[in-house]
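Student: I would like the atomic coordinates for the input below:
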Amino acid sequence: MDEKIPMPTGEERQAAIRRIVELNRAEQRTRRQRVPLSVVFFGVEDCLYLPVLAALLCLIPGAAAARFEPVAPLLFLFSPALYAALHLLTAWKDAASGVAEWRRSCRLSVCTILALRMLVFGGLAVIVCVPADILLWLTSGRSCSLPWMLGLSFSSLFLHAALTLFCLRYRRGMVLPPAVWGVAGLLLLIWERGGELLLRVPVLVLFSLAAAGLAYCVLTLERMFRYPNRGGRFYAYS
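Tutor: Next comes the predicted model:
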């Protein structure tokens, strides 16, 4: 005797489809929210310690140089140094060790990893900049106001970070931003009136430039998080 297999009605099929869609969305949200730093920095942990250690060790000769040299060009040159070193070293280590190829096979987008790294690098750079500026302010005999020095450091850091993201987005090379900043900083150091030129920039202008650079970084990183599968150009160098 043949038995008829019960078939779901149209409403039951639609309900099942909705449940599957909701489960997929919940899984994606959970996966986006639970990204441990061990995954973000897997294989490049040593590239985090070395630049931070080097930055701390450079504070001593930098503080000594601030007693004899104009402090403004030093701040402009070295404020984004930690950020640039972290970014370049981790990118090089990814490419050299083959970890970048492994990440391309994972569900976690390399664009998301890059955005998370940028956030961590920026946070570390800001944490280091504040005590470094205070130390240079004290050793230089308080020749400049502390808010002005902080404004110069933040504007240099965030504009450099914005230029880095811009170059990554349009495939202009990851070495271009530190090269531009290095040449500009060295020219300000060599030029006798370089420090005087920077001192003429009002503190309000410096903080406005810092806010503009930070806003561009936030918008770009937010776009990278929102559209992680469109980030091929951001990570094309790896």
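
Student: looking at this protein, which helix or strand does the model trust least?
Tutor: helix 99-104 (a mean of 56; mean pLDDT, DSSP states H and E).

Student: Who are the packing partners of the helix or strand following that helix?
Tutor: Counting by DSSP states H and E, the next helix or strand C-terminal to helix 99-104 is helix 110-139. The contact analysis (3 or more Cβ pairs under 8 Å, 6 or more residues apart in numbering; DSSP states H and E) places helix 110-139 against helix 37-40, helix 46-65, helix 71-78, helix 81-97, helix 99-104, helix 146-169, helix 203-226. Any C-beta I mention is one placed from the backbone N, CA and C, and that applies to glycine too.

Student: Compare those and report which one is nearest to residue 181.
Tutor: Proximity to residue 181 (Cβ to Cβ) singles out helix 146-169 among these, at 5.5 Å.

Student: and the next element down the chain from the closest one?
Tutor: Next along the chain from helix 146-169, counting by DSSP H and E, comes helix 176-190.

Student: Now the element after that next one, going C-ward?
Tutor: Defined by DSSP H and E, the subsequent element after helix 176-190 is helix 194-199.

Student: which parts of that following helix are buried?
Tutor: Residues 194, 195, 198 are the ones in helix 194-199 that count as buried (16 or more other Cβ atoms under 10 Å).

Student: Same list (the residues you listed) but as TSV, adding distance to residue 164 and pLDDT.
Tutor: Below are the buried residues of helix 194-199 laid out as TSV (distance: Cβ to Cβ, whole Å; pLDDT from 0 to 100):
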residue	distance to residue 164	pLDDT
194	23	74
195	25	74
198	22	85
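
Student: In a markdown table: the helices and strands packed on helix 110-139, plus distance to residue 121 and mean neighbour count.
Tutor: Shown next, in a markdown table, are the helices and strands packed on helix 110-139 (distance: least, Cβ to Cβ, whole Å; neighbours: other Cβ atoms under 10 Å):
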| stretch | distance to residue 121 | mean neighbour count |
| --- | --- | --- |
| helix 37-40 | 11 | 13 |
| helix 46-65 | 9 | 14 |
| helix 71-78 | 15 | 23 |
| helix 81-97 | 5 | 20 |
| helix 99-104 | 17 | 15 |
| helix 146-169 | 8 | 22 |
| helix 203-226 | 11 | 16 |
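
Student: lowest-confidence stretch among the ones you listed?
Tutor: Mean pLDDT per stretch puts helix 99-104 lowest among the helices and strands packed on helix 110-139, at a mean of 56.

Student: ok so, going back, now tabulate the helices and strands packed on helix 110-139 in a markdown table and tack on distance to residue 122.
Tutor: What follows is these, written out as a markdown table (distance: least, Cβ to Cβ, whole Å):
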| stretch | distance to residue 122 |
| --- | --- |
| helix 37-40 | 14 |
| helix 46-65 | 13 |
| helix 71-78 | 16 |
| helix 81-97 | 6 |
| helix 99-104 | 21 |
| helix 146-169 | 6 |
| helix 203-226 | 7 |
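
Student: Alright, that wraps it up for me.
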